[in-house]
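>>> Predicted model follows, preceded by the sequence.
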Amino acid sequence: MNIFCDATTNAFLHGNFTYFVLLMAGLVVIFILVGFIIQQKKTREIMERELAHLASIEGKDVEYELIIQAMKLATWHIDLETMEIVFDNDYREEQGLFSPKPGTRMMQVYEIVHPDDRETIKTQIKDLVEGRTDLVNAQFRMMQTNDKYYWEEIYCTVAERDDEGKPAVIVGTSMCIEDRKKKERELINARKHAEESDRLKSAFISNISHEVRTPLNAIIGFTDIMPMVTDEQERANLMSIVKENNSKLLRIFEDMMNISKIEAKDENQKLNIEKFDLVALMEQCVAKCSNNNTNPNIDIEFISKETSMEVNTDRERVEYIVRHFVENAMKFTTQGSITAGLSVTSSNRLRLWVTDTGIGIDKEHHDLIFERFYKVDSFVQGAGLGLAVCRSFALSLGGDVDFESEPGKGSSFWLEIPNDVTKAN
Ligand code: ADP
């Protein structure tokens, strides 16, 4: 510095102005160079910091991508100003899942959410946008094809806010959970089945022990006193009571066997298809029941326009159903009539019906009447199995059973089977 000062003083003192100017210029250049070098050093430090930061972010991106890939997720964001949804990644493997085209708005997405789930998901997103929640986790059904839906699970949260702190962008993930839901449904069904079996087992034990004991007591009691009765008429009466209770007992065992075979889906329960005359079968059935009728206040009859109608189906099962309908009608009718008949429905099915003028069935029991062990009045004789057997038999014949009933007026039960008929005359 002294050298420069001496040189400057010398140059100035000795009047060498040019030399002085050159010296000053040199000094300025040196200052600029030093400043430039310092600036460069600062810039390099900033850039190095930025690069280190970028490298760390890149590392996280790879991790993040790996996670969404492994979880088979789609990631998306919604711009809350335009309400446009954009999928950023889609690693879901299932085919035909929802993926928005550019420009898709949330209103369009809601339209393909299952109607039963639509309002819930709309409310949840609204809660997020309006700050009532920080995170949405929802499961709902999305339309896959016209009438097919799949289950989807989403998680979403607010990713960006505007200057006033209001949500501006939502980010979220979607996962197809159709398989999980299917397994859930299977588990629920298995549990229901187990609970139902348990309920049936208890119902079976309490019903059957009571139903078996009643006729058995009558049989044992009356056969015990029979040897002591000398009057012929009285003996005949006792015999008929014993016979009646024998039939009841047999009937209960028959129903129990049928229902347990149906429950176990017994392979030996194969249909025994044969050709027979349906009119004749119904006539015989009604006649047999009528012979057993001890109530003089009811008329039992069979009416049919046809004199003969050949069908190709399981005779024993049809007979069981018709006989059961007539026997029930007899059990629940104290006066009036019981009429059985045969007709062809507008959908060309055969309808075998039994109508009575009995006590009828209240509406509240209608849905349960074909359930196993169901009885409107638990004091009435019977295990409540007959109609359940009728329904299973009818289904096995490709048909069904149903009824109409009004309390105090009567009931009409019917069996409908496919019209696989050849008219015999
Ligand atoms: P069960 O095998 O004991 O005869 P069902 O399964 O045939 O029992 O019938 C169940 C219940 O349905 C009966 O206990 C009765 O309450 C009602 N029911 C069936 N048929 C008639 C009918 N014709 N009139 C009134 N109630 C009926």
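Received it, and whenever you're ready, just let me know what you need.
>>> show me the contacts for whichever residue of the stretch 101-250 of the chain sits closest to the ligand.
Per C-beta to the nearest ligand atom, the residue of the stretch 101-250 of the chain with the smallest distance to the ligand is residue 211, at 7.8 Å. Every residue, glycine included, has its C-beta placed from N, CA and C. Applying C-beta atoms under 8 Å, 6 or more residues apart in numbering, we find residue 211 in contact with 252, 381, 382, 383.
>>> Apply 7 Å and report the result again.
With C-beta atoms under 7 Å, 6 or more residues apart in numbering as the criterion, the residues that contact residue 211 are 252, 383.
>>> What of residue 212?
249, 252.
>>> what does this protein put close to the ligand?
Neighbours of the ligand within the chain, by C-beta under 6 Å from any ligand atom: 255, 328-329, 332, 356, 358-359, 361, 369, 374-377, 380, 382-388, 411.
>>> repeat that for 5 Å
Residues of the chain found near the ligand (C-beta under 5 Å from any ligand atom) are 328-329, 332, 358, 361, 369, 375-376, 382, 384-387, 411.
>>> Distance of the residue of the stretch 101-250 of the chain closest to the ligand relative to residue 292?
Distance, residue 211 to residue 292, by C-beta to C-beta, to the nearest Å: 19 Å.
>>> again with residue 285
Taking C-beta to C-beta, one finds residue 285 at 11 Å from residue 292.
>>> of the two, who's got more company?
More crowded of residue 285 and residue 292, by other C-beta atoms under 10 Å: residue 285, with 24 against 12.
>>> just for the stretch 201-350 of the chain, where's the confidence low?
204, 265-269 (pLDDT under 70).
>>> Please enumerate the strands of the stretch 101-250 of the chain.
With DSSP state E, counting those that start in this stretch as the criterion, the stretch 101-250 of the chain has strands at 135-145, 148-161, 167-176.
>>> and the shortest one, which residues are buried?
For strand 167-176, a neighbour-count test (16 or more other C-beta atoms under 10 Å) marks 167, 168, 170, 172, 173, 174, 175, 176 as buried.
>>> The first one too?
By neighbour count with 16+ other C-beta under 10 Å, strand 135-145 contains the buried residues 136, 138, 140, 141, 142, 144.
>>> and what of the second one?
Buried residues in strand 148-161, counted by 16+ other C-beta under 10 Å: 149, 150, 151, 152, 153, 154, 156, 158.
>>> May I see the residues you listed organised as a markdown table, with distance to residue 77 added?
Shown next, in a markdown table, are the buried residues of strand 148-161 (distance: C-beta to C-beta, whole Å):
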| residue | distance to residue 77 |
| --- | --- |
| 149 | 24 |
| 150 | 22 |
| 151 | 22 |
| 152 | 17 |
| 153 | 18 |
| 154 | 12 |
| 156 | 9 |
| 158 | 11 |
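>>> Residue 31: which of those is nearest?
Nearest to residue 31 among the buried residues of strand 148-161 is residue 158, at 52.3 Å by C-beta to C-beta.
>>> what residues are up against that closest one?
Contacts of residue 158 (C-beta under 7 Å, 6+ apart): 128, 167, 170.
>>> Among the residues you listed, which one lies nearest to residue 219?
The closest of the contacts of residue 158, once distances to residue 219 are taken by C-beta to C-beta, is residue 128, at 73.7 Å.
>>> Isn't the closest one up against residue 136?
Yes: look at residue 128 against residue 136 with C-beta atoms under 7 Å: they come within range, at 5.1 Å.
>>> Residues that sit against both of those two, list them.
In contact with both residue 128 and residue 136: residue 156, using C-beta under 7 Å, 6+ apart.
>>> how many other residues sit next to residue 249?
For residue 249, using other C-beta under 10 Å, the count is 17.
>>> could we number from 515 for the rest of this?
In the new count, where the first residue is 515, that last one comes out as residue 763.
>>> Could you report the distance from whichever residue of the stretch 815-939 of the chain sits closest to the ligand to residue 769?
The stretch 815-939 of the chain approaches the ligand most closely through residue 896 (2.1 Å), counting by C-beta to the nearest ligand atom. Taking C-beta to C-beta as the measure, residue 896 falls 9 Å from residue 769.
>>> Kindly report the same for residue 850.
From residue 850 to residue 769 the distance is 27 Å (C-beta to C-beta).
>>> okay, those two: which has more neighbours?
Neighbour count, other C-beta under 10 Å: between residue 850 and residue 769, residue 769 has more, with 22 against 14.
>>> Show the contacting residues for that one.
Contacts of residue 769 (C-beta under 7 Å, 6+ apart): 897, 899, 900, 903.
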